[in-house]
Structures are given as C-alpha cells and as structure tokens.
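Colleague: following is a predicted model, sequence given first.
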Amino acid sequence: MNLSRIQNILLAVAILCLAGCTEPPIPPEIKQAEEQALALWRSEVPVYLPEEYGQYKKTFIKAKANFIREKSRLIFFRNYTHVQSEYRQLLQTGNSIIVQLEGKKQEFSRKTEEKLSFLGDQIETLKRLSKTMNEGRLARRNLIQAEVILIEAKKRFERGDFIGADEKTPSLAQHIKAAEKTLYPIVTRYSDKKQIGQWQQWFDDTIAESRTRKIPVIVINKSERTLTLYKRGNAAKSYKIGLGRNGSKDKIHAGDYATPEGRYKIIKKLPRSRYHKALLINYPNEDDRRQFEFAKKKGLIPRTVSIGGLIEIHGGGKDSMTYGCIAMDNQNINELYGLISVGTPVTIIGAVDARNRFSSGIQGK
C-alpha cells in the first residue's frame, strides 16, 4: 500500500468522525472506583487486611491499565464494556473489604482487650507477691514500668487506636517477664511438695522434741513471717519478724543476704548488741557445711566466698531487712530473751503447708 492510499483512508476516517462519530461515554464506575481506592488507602484496611488490600490494589492497577489502553484507541474502535465490567467487580470487592474491615476491627479489639486484661491481672498477681517477700523489691521497678505502659495502652484502646494499644503489649510483657524471673523461682520453691515435706518433717520433729523433753523450742516460719515459742509441744507465744534481704531463700554462703533453714540451737545470749538484745544460733551446722561444699564443688557459688556465720535473732524492729538474721521489735526480743536459755532448739522453715503466702501466687493463677 502506497503513501497516497494510506492518506486517503485516514482522510475518509476523519470525514466519517466529523460527520457524527463520537467517543463512547466513560463508565461512571471508573470514578467511583477511584474514590473507593482513595478511601480504602486512607482507612485502616492496609493494616487490618493487608492481604485483601494487596490483592485489591493489583486488581485496581490492572483495571486502570485496561481502561488507559482502551482509551488510547481510535474513537470509533473504543469499547468500554469489558472495562466497565472489571470496575464493577472491583467496586464489589472493595465493598466486601469494607464489610470485612468492621468485623476484623471488632475481632482485633476483642483480642487486644483480652490481652490487656490478662497482662493487667498478671501485674496485680505479681504486685501481691512482691509485697509478701523481701525479694519483691527487685521486681517492683519492672512492675511500676509495666503499669505505666498498661495505662498508655488502655488510653489508646479507649481512643479506638487498637493497633497502637496492641503495639504496647510486647514491652509490657517484657517487664512482666522480668518481674516473674525474680519472683517465681521463690514461688515455685514454696510450692514444691518435696521441699514442703522436708520443712514439715523438721517442724514435726521439733514439736515432738518439745513435747517429749518438756522443753521450750522456737519455730521460725519464713512465709508467715512469724517466730513461735512452743512449750511442751504447744504454741505459747508468737511474734512477727523480719528476715534477710533475700530471706525467702536458704542461706548458702556469706553475703547472699539469705536467712538459713534447718534445725539449730541458741549458743549464746547477748544482753547488749548492735541491735538491742540478741540470741546467737549455731549457723553453720553440719548440714549447712555439706550444702556449702556441694554448691562449691558444682560451681554454683564462687570459690572465693566463705560460708559465713553470726546469724542471730535480734532486736531492731520486725520491719527491718537484715543481712540474713531474724529481726524482732525490741519489746518482743526482751520478752523472748527472758523465756529461753542457751541450748534452746531453733527450727527455721519456709512453710508447713503447700498453700502458703508465697505459693498462692501460682495456685491463684
């Protein structure tokens, strides 16, 4: 085909168009889809329904490309029927996503609320635990930080910012986990049936000795924070006490701030001491030395530390945190001092029942 023939064809086409050939109307669905796509982009769909939104975007881009391609054709060749069908399907998909969004937000809101409630309950449980043991002071900083984060998360939730509220939960859980790391080894120990059984045996043997020999004995219960004087196997006096900074643990070596556990006796009465009056017990006994040597051999404690000593029942106040001793109010140590003598048995136990103040932290979960 020569150039003149092509020119004649184009001229004929132009004449036909001028004679009445018009562009077919652009389907209204195209503008509607543009508005819908913008609304979805501005909404929370990309966050709550990322996969659905991603597929929607691909479909939108494809439909738009088809529309542009059709529009680029000569007027009398343009046909938007297929394009219109694509955009109608796109609008239906977008409307379906909007419906899904509401359901998804409600589901996410419910799960976030449950999560915050669960973490809040954990904080309260750990707070209660932290108040029952001296070691609780080590967990309180993390619990305070957890409470601050929880308050911020709840504020975001109340504003309807469920995503923002949920974003706070990892750091919240991290602080809770740090507090648990401090408290739960103690709780677990005070829930251990074998450990409870040993303490119970010491207690029973001590009471039996008091009854058989008709002598006074002292029983110190760490979980209850009590010192009880028994006479002939019966409780005669009970006093509130303070323990070591790590008093809930069994003493292993000097400087661990723990209060020892076991069967001891008074070896010296001190009418004047740094903490008013004092009663010195025979820590370490043979069991303590065996435990110390075993821990050292296993590398559980530094080889340079010593076993320690000078564990007393002394005055200074029941609310004191000691280096490992048992503290009493001065008026109470005055009374106890006059009721016992050198040689009086002293038994220190963690608890006599699996349901004690420390183990309740797990049993109540």
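Modeller: That came in fine, so what should we check first?
Colleague: give me the sheet partners of the helix or strand where residue 265 lies and which way each runs.
Modeller: Applying DSSP states H and E as the criterion places residue 265 in strand 262-273. Strand 262-273 pairs in its sheet with strand 276-281 (antiparallel), strand 345-349 (antiparallel), by DSSP bridges.
Colleague: ranges for the helices of the stretch 1-150 of the chain?
Modeller: Using DSSP state H, counting those that start in this stretch, the helices of the stretch 1-150 of the chain run over 3-18, 28-42, 45-48, 50-71, 81-132, 137-158.
Colleague: what about residue 174, neighbour count?
Modeller: By the criterion of other CB atoms under 10 Å, residue 174 has 13 neighbours. To be clear about C-beta, it is placed using only N, CA and C from the backbone, and glycine gets the same treatment.
Colleague: equivalent analysis for the one 10 residues further on, please.
Modeller: A total of 17 residues lie near residue 184 under the criterion other CB under 10 Å.
Colleague: any idea of the pLDDT on it?
Modeller: As predicted, residue 184 sits at a pLDDT of 88.
Colleague: same check on residue 351?
Modeller: Confidence at residue 351, expressed as pLDDT, is 94.
Colleague: picking that back up, format the strands paired with strand 262-273 as TSV; extra columns: distance to residue 337 and mean neighbour count.
Modeller: Shown next, in TSV, are those (distance: least, CB to CB, whole Å; neighbours: other CB atoms under 10 Å):
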stretch	distance to residue 337	mean neighbour count
strand 276-281	5	23
strand 345-349	14	24
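Colleague: low-confidence bits of the chain, can you list those?
Modeller: For the chain, applying pLDDT under 70 flags the ranges 1-21, 361-365.
Colleague: from residue 306, how far off is the spatially most central residue of it?
Modeller: In the chain, the centroid-proximal residue (CA atoms, centre = their mean) is residue 176; its distance is 2.7 Å. Residue 176 sits 37 Å away from residue 306, going by CB to CB, to the nearest Å.
Colleague: ok, which of the helices of the stretch 1-150 of the chain comes nearest residue 213?
Modeller: helix 81-132 (34.3 Å; CB to CB).
Colleague: related to what we said a few turns ago, looking at the strands paired with strand 262-273, spot the one closest to residue 301.
Modeller: strand 345-349 (20.1 Å).
Colleague: using CSV, write out every CA atom in the closest one.
Modeller: Extracted in CSV, the C-alpha atoms of strand 345-349 (Å, rounded to 0.1, in the frame of the first residue of the first chain):
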residue,chain,number,x,y,z
PRO,A,345,16.3,-25.6,119.8
VAL,A,346,15.5,-23.2,116.9
THR,A,347,14.0,-24.6,113.7
ILE,A,348,13.8,-22.3,110.7
ILE,A,349,11.4,-23.4,107.9
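Colleague: what sits up against it?
Modeller: Contacts to strand 345-349, defined as CB atoms under 8 Å, 6 or more residues apart in numbering, come from residues 199-200, 202-203, 206, 209-210, 215, 217-222, 259-266, 281, 313, 326.
Colleague: list buried residues within those residues.
Modeller: 199, 202-203, 206, 209-210, 215, 217-222, 259-264, 266, 281, 313, 326 (16 or more other CB atoms under 10 Å).
Colleague: one step back: contact partners for the residue nearest to the centre of the chain?
Modeller: Here residue 176 is in contact with 119, 122-123, 126, 142-143, 146 (criterion: CB under 8 Å, 6+ apart).
Colleague: give me the secondary structure label for it.
Modeller: helix (DSSP: H, G, I helix; E, B strand; the rest coil).
Colleague: please name the nearest non-neighbouring residue to residue 32.
Modeller: residue 91 (6.0 Å; CB to CB, 6 or more residues apart in numbering).
Colleague: pretty sure residue 266 contacts residue 340?
Modeller: Yes. Residue 266 is within contact range of residue 340, at 6.3 Å (criterion: CB atoms under 8 Å).
Colleague: who touches both of those two?
Modeller: Common neighbours of residue 266 and residue 340 (CB under 8 Å, 6+ apart) are 218, 279.
Colleague: returning to that earlier point: can I get the helices of the stretch 1-150 of the chain in TSV with mean neighbour count and distance to residue 236?
Modeller: Formatted as TSV, the helices of the stretch 1-150 of the chain follow (neighbours: other CB atoms under 10 Å; distance: least, CB to CB, whole Å):
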stretch	mean neighbour count	distance to residue 236
helix 3-18	10	118
helix 28-42	15	77
helix 45-48	18	68
helix 50-71	15	72
helix 81-132	16	26
helix 137-158	17	33
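Colleague: need the contact list for the residue lying closest to residue 266 once chain neighbours are set aside.
Modeller: Leaving aside its chain neighbours, residue 266 sits nearest to residue 344 (4.6 Å; criterion: CB to CB, 6+ apart). Contact analysis of residue 344 by CB under 8 Å, 6+ apart lists 215-218, 265-266.
Colleague: and residue 344, its phi and psi?
Modeller: Backbone geometry at residue 344, expressed as degrees, to the nearest 10, gives phi -60, psi 130.
Colleague: state the distance from it to residue 209.
Modeller: Taking CB to CB, one finds residue 344 at 11 Å from residue 209.
Colleague: check residue 296 too.
Modeller: 32 Å.
Colleague: ditto for residue 87
Modeller: With distances taken as CB to CB, residue 87 is found 93 Å from residue 209.
Colleague: repeat for residue 123
Modeller: 44 Å.
Colleague: returning to that earlier point: so which of the contacts of residue 344 comes closest to residue 290?
Modeller: residue 265 (18.0 Å).
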